[in-house]
Structures are given as structure tokens and as C-alpha cells.
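> Here is my input, please return the structure:
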Amino acid sequence: MKINYSMLILALGLTFNCLASNTDNFDEFQYGIENSGSTITIHFNAGESHNHPLYAIWLADEHGKYIQTLYVAESIGKGVFKRSNRKAEKWEKGEKQRVAALPYWAHQRSIKNEYGTYNPTPRQPVPDAYTGATPTGSFSIHAKTEKVLKGKYKILLEVNQPWDWNEFWTNNLYPDNSEYKTSSQPALIYEAEFDTDNLMPIYFMKPIGHSHYAGENGLLFTDLSTITTALNIAKSINILISK
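Okay, the predicted model is just below:
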């Protein structure tokens, strides 16, 4: 197969021009800045259904085995929510387990807490270097890995938007499951693969499945036929790798 390199270069140029114009309104964040590894930049372009979702982003080997967290929402990473308990018509900050929020990441990380689940707690938090406020719109995260990357890897992103119901994932589908009721459509998993020996200028993350609706296990469910608006939380997610 013949490749028209001039057309390829033109297409890449247009892509980067588009990214440059779109990232003007992106919030910028840095994580793992004290590390001495490679830099991974994640551009998340918010879609039409975006409404304050939670995120976790992590690095895995070529087989999908967890290596390290690159970023996780502070509320999940510390186990403390600003709106944990409601007293006297006022929300109070406090410890809370939201096991249905980002369960695939939590199980991949595989650190069991004092409650027997896999979410971080105030006694077992994710380090400050990888946690931060949840972005309110489109964002760019510049994450530095613990070690210089050499070989084949995967970047995974899990996103969950509370109370995002649809015709299948209704509020009475599991009426006795309080964890499900905080999640609605289950968390989505996006993935991109790369090889440091053959780096591309840009990688586009694609949805590969969803988590358990109540966070009861760490399985990946690849059938996305019941997922609707959750697929529009992100308009696009792309990755840039710098060795």
C-alpha cells in the first residue's frame, strides 16, 4: 500500500492546529512533577453531556496490568467529599466511600482498605502528587511518570457522572442498591496504547467498556449498547507522549 506522505503531514498539521485552537479554554494541571520519568499529556475535550464527572487516569503495561495512577479526583483519592452529610439543611464535608464511582481503577490499583473495599480512605490516601480538584470543563493534564517509559504501555481513563439516568439505567433498575443510585449509567473506561520505540504524534482514546454499576467487582463489561449520554461526557480525549 502506497502512503501519500504529503497528505499525512498535512492531516497532522491540521490536527495540531485544531488542538491548539481548542485548548485555549482548557484548564491546565500538572501531576507527578517531582518524578523523573516521561511526560504524558492528556487533553480532555468536554462533550455536550458533561456535568461535573469524576475521573481517574492511570498507566498500565501492554497487557493492562496497573503500574501507577497519573491522576484521580481528590474526593476519591482521599476518601473525603465536600458534600458527605446533610444536616440542618446544610451539606457537611466528611469521609465517604463511593465504590460505584471509579471501581475499575480502584480494583486495578488493588489496595484493600480497612473496610474491605478498594477505595482510598483518609488513612490510606492516594499521594498528593496524583490527586487534585475535579476539572469543571475541558482540561489538559501533564503527568510525569515515576520511571522513564521504555516499551509498550496503555493509558486508561475512567469517567463517571452521578445521576446520569437513561431509558435502561433508570432510578428503579436496582431500587435497593444505594451505590447504584449514586452512579446511574456506570463508569466508562477509555484506553490508548503506545510503544515508546515507535511513538506517534498523537493518540486518541476510545471507550472499551464500562465498570460494574455498583462497584461490586473490577470486571470490564465491553457491551456499551445500553450506554447513551455517558458516551457524550467527552467529545474527544487525546494523548501526547514525551520520553
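> what about the closest residue to residue 222 other than its chain neighbours, which helix or strand?
Leaving aside its sequence neighbours, residue 222 sits nearest to residue 209 (Cβ to Cβ, 6 or more residues apart in numbering; 4.2 Å). (Glycine included, C-beta is placed from N, CA and C.) Residue 209 belongs to strand 206-210 when elements are defined using DSSP states H and E.
> State the mean pLDDT of the next helix or strand after that strand.
For strand 206-210, the following helix or strand on the C-terminal side (DSSP H and E) is strand 234-242. Regarding strand 234-242, the rounded mean pLDDT is 97.
> Ok, stretch 223-230 next?
98.
> Touching that stretch from outside, list them.
Under the contact criterion Cβ atoms under 8 Å, 6 or more residues apart in numbering, stretch 223-230 has outside partners 49, 159, 161, 164, 166-169, 185-186, 188, 207, 209-210, 231.
> Try it again at 10 Å.
47-51, 53, 159-161, 164-169, 184-189, 207-210, 221, 231 (Cβ atoms under 10 Å, 6 or more residues apart in numbering).
> which of these count as buried?
When these are checked for burial by 16 or more other Cβ atoms under 10 Å, the buried set is 47, 49-50, 53, 159-161, 164, 169, 184-189, 207-210, 221.
> So which of those are in strands?
159-160, 188-189, 207-210 (DSSP state E).
> any low-confidence regions in the protein?
Low-confidence segments of the chain, defined by pLDDT under 70: 1-24, 83-91.
> quick one: the helices in it?
Remark: helices assigned in the chain by DSSP state H are 5-22, 74-78, 103-109, 178-183.
> Dump the second one to PDB, restricted to CA.
It refers to helix 74-78. In PDB, the C-alpha atoms belonging to helix 74-78 read as follows (Å, rounded to 0.1, in the frame of the first residue of the first chain):
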ATOM      1  CA  GLU A  74      -9.200  14.300  45.200                       C
ATOM      2  CA  SER A  75     -12.600  13.300  46.700                       C
ATOM      3  CA  ILE A  76     -12.000   9.700  45.600                       C
ATOM      4  CA  GLY A  77      -8.200   9.700  46.100                       C
ATOM      5  CA  LYS A  78      -8.600  11.000  49.700                       C
END
